[in-house]
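# Predicted model and sequence below, questions to follow.
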Amino acid sequence: MLNWGVFPILAVGEESSASSQEVPDLPDAALLYVSDYVSFIGEDAQGHVAFALDNNRGRDGDSWQAEHFVVLHDEHQGWVSLEGTGVYENSTHELQTIPPSSFFQIEGMPQTGLSIKSIPNNLTLSIEPIPIRLAREHEGGRYWLGSAAAVLQWQDRTLKGRVIYEYFMMPEFNRLSRTYWGLWKHFQGLYLVVQGLGDLYVHSQESDMMAPLVGTVSGFLAVRGKTESLQVLQVTLLDHNQAWGLYRWPSAWGLNWVNKAGAGRAQLEIHDLKTMGNWVIGGFGMGIVHGIVHYNGQDYPAYGLAELIM
């Protein structure tokens, strides 16, 4: 087994955030969906902790919706049950920022730094200003990703690490109030911290509905705080496991790309998969990923989260 060591925080030399830019207004649409997804990987003397919080809200005419999804994984305890997953009332009709709930209170903005506090779960996540590392727009929709240093206070532990943040906004769409067949198809999202190097995000998906905004294969590499685009990115499924249904879970990947340091590659595998939902012909799962990233002639251990929607 790899010795993961301690992840560097990489705050020095971090690219400047978009804090000097105004936050764009949302479209004036009667049907609208907004999502902020936060994926944290950190470590202390007791080992690694992975934490993810998806915050979704929407409008459909005169109705307003909000939803949390939360997971936490401890390297030694495994998946830890947290409170807060599910729909809640968007009584303030808030879409630009995340509506408060009885489980999570989120303050700040990504461009200036975020604070996520949950008294029921005894945790607080403090995130430094998040620079934009990858951005796309399509027909009024916006999608962007960034990464930054963060600290998680959980129970009596203080875990220093990194956050990968994902923003998604689409007008004339709202999955919280309407049903869309084929919304996600073979989505495989990898949110990784690479020891001694930085952050790596990659996704591969086959949904025609989502492709114009998020792309089919996309990602970024942040090397010591500096963004490097991944050219000719290829995601190859190396192995899979049968699910409880008519589908299979991806379990190992090979990545290949080209950036300014030359050709890069990674080999990654899931070590602990948790099924979050199963509808026989597909499913939703979260997994812990271990692997090796080859960059500029050296190999670096990687650790992170995988989100799978089959």
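In hand now; what should we look at? Please read these numbers as outputs of a predicted model, since none were measured by experiment.
# okay, CA-based contacts and neighbour counts for the rest of this
Noted.
# Stretch 106-122: which residues count as buried?
Counting neighbours by 16 or more other Cα atoms under 10 Å, one finds that the buried residues in stretch 106-122 are I106, M109, P110, Q111, G113, L114, S115, I116, K117, S118.
# How far off centre is it?
Shown here is stretch 106-122, whose average C-alpha point lies 16 Å from the average C-alpha point of the whole chain (Cα atoms, centre = their mean, to the nearest Å).
# Roughly how far does the residue lying farthest from the centre of the chain sit from P100?
In the chain, the greatest distance from the average C-alpha position (Cα atoms, centre = their mean) is reached by D62, at 30.0 Å. The span separating D62 from P100 equals 19 Å under the rule Cα to Cα, to the nearest Å.
# and if you look at R178?
Relative to P100, R178 is positioned 23 Å away (Cα to Cα).
# Compare these two (neighbour count), which wins?
For R178 against P100, the residue with the higher neighbour count under other Cα atoms under 10 Å is P100, and the figures read 17 against 8.
# Doesn't the more buried one lie inside a strand?
No - secondary structure assignment places P100 outside any strand; it is coil (DSSP: H, G, I helix; E, B strand; the rest coil).
# Let me have the buried residues of stretch 106-122 in CSV, extended by distance to G141.
Formatted as CSV, the entries for the buried residues of stretch 106-122 read as follows, by distance: Cα to Cα, whole Å:
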residue, distance to G141
I106, 23
M109, 19
P110, 18
Q111, 19
G113, 23
L114, 23
S115, 25
I116, 25
K117, 29
S118, 30
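# Which members of those are the farthest-apart pair?
The most widely separated members of the buried residues of stretch 106-122, counting by Cα to Cα, are Q111 and S118 (21.5 Å).
# How about G219: what's its closest non-neighbour residue?
Counting by Cα to Cα, 6 or more residues apart in numbering, G219 lies nearest to V202, which is 4.1 Å off, once chain neighbours are set aside.
# these two touch, right, H76 and A50?
No - using Cα atoms under 8 Å as the test, H76 is too far from A50 to be in contact (11.5 Å).
# Can you pick out the residue with more neighbours from the two?
Neighbours of H76 and A50, each counted by other Cα under 10 Å, are more numerous for A50; the result is 25 against 10.
# Would you mind listing the residues in contact with the residue lying closest to G198 once chain neighbours are set aside?
Excluding the flanking residues, the one nearest G198 by Cα to Cα, 6+ apart is V223, at 4.8 Å. For V223, the residues meeting the contact criterion (Cα atoms under 8 Å, 6 or more residues apart in numbering) are L197, G198, D199.
# Kindly report the same for R157.
D44.
# Can you tell me who it pairs with across the strands?
The bridge-partner assignment for R157, based on DSSP bridges, gives W154.
# give me the element the residue nearest the centre of the chain is part of.
Against the mean C-alpha coordinate of the chain, by Cα atoms, centre = their mean, the closest residue is S39 at 4.4 Å. When secondary structure is defined by DSSP states H and E, S39 falls within strand 31-44.
# likewise A266?
Using DSSP H and E, A266 maps to strand 262-278.
# what about V235, how many neighbours?
Around V235 sit 18 other residues, with neighbours defined as other Cα under 10 Å.
# May I have the beta-bridge partners of it?
Beta-bridge partners for V235, by DSSP bridges, are L255.
# How much space separates it from P250?
Counting by Cα to Cα - V235 and P250 are separated by 12 Å.
# Now for P212, how many residues are close by?
When neighbours are defined as other Cα under 10 Å, P212 has 14 of them.
# quick one: it is in a helix?
Yes - counting by three-state DSSP, one finds P212 located in a helix.
# just checking, it touches H138?
Yes - if you go by Cα under 8 Å, P212 and H138 touch, sitting 6.5 Å apart.
# how far away is the nearest residue in space to the residue farthest from the centre of the chain that is not next to it in sequence from Q65?
Nearest residue to D62 in three dimensions, chain neighbours excluded: A30, at 7.9 Å (Cα to Cα, 6+ apart). A30 sits at a distance of 13 Å from Q65 (criterion: Cα to Cα).
# Just the pLDDT at the residue nearest to the centre of the chain, thanks.
S39 is assigned a predicted lDDT (pLDDT) of 98.
# For it, which non-adjacent residue is closest in space?
Distance criterion Cα to Cα, 6+ apart; nearest residue to S39, sequence neighbours excluded, is A52 at 4.4 Å.
# now R136
Nearest to R136 is Y143, by Cα to Cα, 6+ apart, at 5.2 Å.
# name the element the one you found belongs to?
Here Y143, judged by DSSP H and E, is contained in strand 141-154.
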